[in-house]
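Chemist: please work out how this folds:
(one chain, ligands or ions: 1)
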Amino acid sequence: MARPHIEPYVELNDPFRKFDINGFKGSHYKVLSLDTDTGACTLKVRFDGGFKRKPGLSYSDVEIFVLNGEIKVGKQSWREGHYACIPAGMAIEALSVARGAEALVMFNDSEPHFEESGESHHLALEEGYASLNTYEDAPWAPGNLVTPSVASGCLIKVLRYEPLTEALSFLYCMTPRFMQDNISYHDSAEESYHIWGTSWMMQFGELPTGGYFWRPAYINHGSFRCKYGTIAFGRTDSKLHNYFHYNPWSNPKENLLRAAAQVYRQRPLLHDWSVSDGHNHPHGPPDFQHPHYHDDAHVRDLHGNHPGHDHGHDHGHEKPKSKGAGKKGGGKARGKR
Ligand SMILES: [Fe+2]
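Modeler: Numbers count the residues shown, from 1 in each chain. This next block holds a predicted model:
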């Protein structure tokens, strides 16, 4: 079970709880969304003044977005608007918070975890590390970075692009008087936290500052309005494709079928091949450029517990070696971020 649909959720008036686990003592948290199978979650964390933590790592990919205050990481200063992505197993320097700070903290693969260590795990994919002040160090791009595109007036700063899944982490803003009249859905889950501002969607009403959603794939959202401007932090767990339409009554199953019908019309050869018996085997088609990709831990993890992917018939091929391995270490499967 991936994370459930949570929308809208406004966290500002809900209480923080004491974060009483190793590496977080001296902080408080609220759960914004949670995958109850893997423990993957998005938290709002309040680091109290005087918070300190030794260098260390987590066995989950961690993303952090600083909402206010200042977190010292070694000699770096992570202030309001700072974003970091810390790959699983990568050690970061000691943290200290002099006067308090609040941040979104996202564990993508497992429940919150910290282990004291001056060195990274030897398998850590450190090239995935990103750290920047999103308010100062990245330009706004038009929303038509993704096509079919949102209406003009919705801008984006891409902060992280995961090459394997095409998952995105980004800031987006809607300009004052932004409007878009169609209905949208995606093949990916979509997550957002409103840093400032209120916007409106036909299905879910107004989402104000402190508003949050985790929206699984294929759920209708839109039309959209934003009166005075909004800035938000968002993520998807795989490729962001905008499927637009004007039918407010379609359900997620119908939306998925419509997406599949689009593949049927636009890529007929690929569609026919992939659904023909003997070809839709669970470990993927051969790829002459990447002949051993099935053995890649990240790919196995993506497909290890993908619902409906294993069709239960054996074509004489070896099954993935660690079916279900993703349940423990993984979590990069769609909808499992
Ligand atoms: Fe969307």
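Chemist: mind listing what's buried along stretch 103-120?
Modeler: Across stretch 103-120, burial judged by 16 or more other CB atoms under 10 Å covers 103-114, 120. Just so you know, the C-beta spots here come from the backbone N, C-alpha and C atoms, and that holds for glycine as well.
Chemist: closest one of the residues you listed to Arg267?
Modeler: Top of the list for closeness to Arg267, among these and by CB to CB, is Asn108 at 30.0 Å.
Chemist: all strands for the stretch 201-337 of the chain, in order.
Modeler: 205-207, 211-215, 224-226, 230-236, 243-245 (DSSP state E, counting those that start in this stretch).
Chemist: just checking, what packs against the second one?
Modeler: Strand 211-215 makes packing contacts with strand 6-10, strand 27-34, strand 190-197 when contacts are defined by 3 or more CB pairs under 8 Å, 6 or more residues apart in numbering; DSSP states H and E.
Chemist: ok, and what's touching the shortest one?
Modeler: The one in question is strand 6-10. Strand 6-10 has contacts (CB atoms under 8 Å, 6 or more residues apart in numbering) with 32-33, 204-208, 210-215.
Chemist: how does it look with 6 Å?
Modeler: For strand 6-10, the surrounding residues in contact (CB atoms under 6 Å, 6 or more residues apart in numbering) are Ser33, Phe204, Leu207, Gly210, Gly211, Tyr212, Phe213, Trp214, Arg215.
Chemist: and if you look at stretch 223-239?
Modeler: Taking CB under 6 Å, 6+ apart as the rule, stretch 223-239 contacts 65, 165-176, 178-181, 188-197, 199-202, 334, 337.
Chemist: pull out the buried residues from those.
Modeler: 65, 165, 167-174, 178, 180, 188-195, 197, 199-201, 334, 337.
Chemist: ok, and which of those reach the ion?
Modeler: Among these, the residues within reach of the ion (CB under 5 Å from the ion) are Glu190.
Chemist: can you show me the helices along the stretch 51-200 of the chain?
Modeler: Counting by DSSP state H, counting those that start in this stretch, no segments of the stretch 51-200 of the chain form helices.
Chemist: who in the stretch 101-250 of the chain is up against the ion?
Modeler: So the stretch 101-250 of the chain meets the ion at Ser184, Glu190 (CB under 5 Å from the ion).
Chemist: kindly recompute the last result at 8 Å.
Modeler: Ser184, Tyr185, His186, Glu190, Arg215, His221, Gly222, Leu240, Asn242 (CB under 8 Å from the ion).
Chemist: what about stretch 239-251, how long is it end to end?
Modeler: 21 Å (CA to CA, to the nearest Å).
Chemist: now do stretch 43-55
Modeler: 21 Å.
Chemist: can you check stretch 173-184 too?
Modeler: Across stretch 173-184, first to last residue, CA to CA, it's 17 Å.
Chemist: contacts for that stretch, please.
Modeler: Contacts of stretch 173-184 (CB under 6 Å, 6+ apart): 151, 153-155, 199, 220-226, 228-231, 242, 244-245.
Chemist: ChimeraX command for the buried members of these?
Modeler: Command for ChimeraX, covering only those of the contacts of stretch 173-184 found buried under the criterion 16+ other CB under 10 Å:
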select :151,153,154,155,199,220,221,222,223,224,225,226,229,230,231
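Chemist: could you give the bridge partners of Val31?
Modeler: Val31 forms beta bridges with Leu43, as assigned by DSSP bridges.
Chemist: burial check on it, number of neighbours?
Modeler: Neighbours of Val31 under the rule other CB atoms under 10 Å: 14.
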